[in-house]
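Student: Provide a 3D model corresponding to the input given below.
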Amino acid sequence: MDRPKRPSALAGLIAAGKADPITDEERAIVAELRAFYEKKYGGSPHSRSDRQSIPKSA
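Tutor: Predicted structure coming up:
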């Protein structure tokens, strides 16, 4: 059963110019953290581990 996609909490703020979008450096850090977590604890049935990076929001 697929969970409905929720809008990003920051998407509205980024669009309104009240928050900065994630940088390439931050995206790489998140990818490393996700890979480490999945290697140590295994993937979640709700995870999006098929992605290689965080999508750019806006």
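Student: what about G17, distance to E26?
Tutor: 18 Å (C-beta to C-beta, to the nearest Å). From N, CA and C alone the C-beta is placed, and that goes for glycine too.
Student: which one of these two has more residues nearby?
Tutor: E26 (12 against 7; other C-beta atoms under 10 Å).
Student: buried residues in the top helix by length along the chain?
Tutor: Secondary structure of the chain read by DSSP state H shows that its longest helix is helix 24-41. Under the neighbour-count criterion of 16 or more other C-beta atoms under 10 Å, helix 24-41 has R34 buried.
Student: can you show me the CA trace of it as CSV?
Tutor: Once non-C-alpha atoms are left out, helix 24-41 reads as follows in CSV (Å, rounded to 0.1, in the frame of the first residue of the first chain):
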residue,chain,number,x,y,z
ASP,A,24,24.4,20.3,-3.3
GLU,A,25,26.7,19.9,-0.3
GLU,A,26,23.7,19.4,2.1
ARG,A,27,22.1,16.9,-0.4
ALA,A,28,25.4,14.9,-0.4
ILE,A,29,25.4,14.8,3.4
VAL,A,30,21.8,13.6,3.6
ALA,A,31,22.6,10.9,1.0
GLU,A,32,25.6,9.7,3.1
LEU,A,33,23.5,9.7,6.3
ARG,A,34,20.7,7.7,4.6
ALA,A,35,23.2,5.2,3.1
PHE,A,36,24.9,4.7,6.6
TYR,A,37,21.5,4.2,8.3
GLU,A,38,20.3,1.7,5.7
LYS,A,39,23.5,-0.2,5.9
LYS,A,40,23.4,-0.3,9.7
TYR,A,41,19.7,-0.8,10.3
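Student: check the offset of it from the chain's centre.
Tutor: 10 Å (C-alpha atoms, centre = their mean, to the nearest Å).
Student: do stretch 21-38 as well
Tutor: Distance of stretch 21-38 from the chain centroid (C-alpha atoms, centre = their mean) equals 8 Å.
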